[in-house]
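>>> Sequence first, then the predicted structure, then my questions.
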Amino acid sequence: MSAGVLTGKVGSLVGKLLKDEDFHRLLALKNVHEVAMYLKKLPPYKMYIPDMEEIHRRDLEASILRKNRDETLRLRNYVTYPQKKIIDHILYRYEIDVVKKLLRLIHSGEDIEERFIYYSDDETIEKLVEFKTVEEAVEFLKSKPYYQYLKSVLNGYKESSLVGVLENSLEFWYFKTLNRLLKQYSTRQVILFFKKQVDLTNIMWIYRSKILFGYSQERVLSLLLPFGLYTKGDVASTIASLSTKDEFFEKLKSTPYREIFKERYDIPEEFILERRIDKYLYQQAKTLIRDKNNGFNQLIGYVHLIEFELKDLITVIETIRYGLDKDSAFKYLARGGLNA
């Protein structure tokens, strides 16, 4: 398959992404059903949104995810076999996000039926909702490629009762495997994009584990992913040694990611950090899309743009469902830009 065919295919899909005006219109709607009906009128979503008088938010979100998966899988037909392996691994991102949410809900004892949005067609993942303990749930995942990583930290979870060590092990498996595949089969631009993802994942882990929970510097460093550009060696040690939010944000203003951390907010900063990191990576994905000379760069950019589109739609649904301030909601979308 020629590179020009892939570029043309991705270009046609990019043209069908939701626009800013679509999100302003969606935020003006009254309920989840109206959101579903709006999306159903658009060609990319039409075949995925079910014909129902009322639709639950979990069914709508699952429909959007199926659309994203199908589009990503179809794009596999336009790349070489080694690059298909990268795409297949990226698709695991959705699955491990589901597993992390489920393990956290099981750990906290919350009502899974109320809180969990089911995204997977995998029976193994589906049956995780039946388990009452984290240990049983992890053991049930033994057929999964990331099982050994979860298993290796299970004793640490039992001793600390910190579900974050399990989440971290899933991130480690994802990025370690991806790092190996990228070294063999990818481009410099895509490798750089993923290394930035690793850096920002590490920065969030430092914020949560050191600033919010007061872990020791040694323990924080043991949690970090060793595949980034910046968050390693002396730099990682310095950030992990900080004790207050003021020190943390001041240090990050001197990093390559200073634009993300230059402002402070009155609302919970963890929420804002996650949103601003999404905004930054959204712009990085758009940079890959603009590379007209490399179809694979564009493909990787596109599969991340539709992931951010899903996240933005979930934000819209939550804003409407919980009666949040619609006038300010747009600035929390990934597409809003860092200064929105």
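Right, received. Where do you want to start?
>>> Quick one: low-confidence residue ranges for the stretch 51-200 of the chain.
Along the stretch 51-200 of the chain, the model assigns pLDDT under 70 to residues 112-121.
>>> mind listing the helices for it?
57-75, 81-108, 112-115, 123-127, 134-140, 147-152, 154-160, 164-185, 188-206 (DSSP state H, counting those that start in this stretch).
>>> Including distance to residue 261, could those helices go into a markdown table?
Every residue, glycine included, has its C-beta placed from N, CA and C. Putting the helices of the stretch 51-200 of the chain into a markdown table (distance: least, Cβ to Cβ, whole Å) gives the following:
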| stretch | distance to residue 261 |
| --- | --- |
| helix 57-75 | 29 |
| helix 81-108 | 24 |
| helix 112-115 | 30 |
| helix 123-127 | 35 |
| helix 134-140 | 33 |
| helix 147-152 | 30 |
| helix 154-160 | 28 |
| helix 164-185 | 21 |
| helix 188-206 | 8 |
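>>> Switch those over to CSV; also include distance to residue 18 and mean neighbour count.
Output for these, formatted as CSV (distance: least, Cβ to Cβ, whole Å; neighbours: other Cβ atoms under 10 Å):
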stretch, distance to residue 18, mean neighbour count
helix 57-75, 11, 18
helix 81-108, 19, 17
helix 112-115, 26, 11
helix 123-127, 27, 13
helix 134-140, 35, 17
helix 147-152, 35, 16
helix 154-160, 39, 13
helix 164-185, 27, 19
helix 188-206, 22, 20
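>>> how about those, which one is nearest residue 320?
The closest of the helices of the stretch 51-200 of the chain to residue 320 is helix 57-75. By Cβ to Cβ, the value is 9.2 Å.
>>> Could you give the separation of the closest one from the chain centroid?
Helix 57-75 sits 14 Å away from the centroid of its parent chain (Cα atoms, centre = their mean, to the nearest Å).
>>> Export that helix to CSV, keeping only CA atoms.
Coordinates of each C-alpha in helix 57-75 appear next as CSV, following Å, rounded to 0.1, in the frame of the first residue of the first chain:
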residue,chain,number,x,y,z
ARG,A,57,-24.7,7.5,29.0
ARG,A,58,-22.7,4.2,29.3
ASP,A,59,-24.3,2.9,26.1
LEU,A,60,-23.5,6.2,24.3
GLU,A,61,-19.9,6.2,25.4
ALA,A,62,-19.5,2.5,24.5
SER,A,63,-20.9,3.3,21.0
ILE,A,64,-18.4,6.1,20.5
LEU,A,65,-15.5,3.8,21.6
ARG,A,66,-16.6,1.1,19.2
LYS,A,67,-16.5,3.6,16.4
ASN,A,68,-13.0,4.6,17.4
ARG,A,69,-11.8,1.0,17.6
ASP,A,70,-13.3,0.2,14.2
GLU,A,71,-11.7,3.1,12.5
THR,A,72,-8.3,2.3,14.1
LEU,A,73,-8.6,-1.3,13.0
ARG,A,74,-9.5,-0.4,9.5
LEU,A,75,-6.4,1.8,9.3
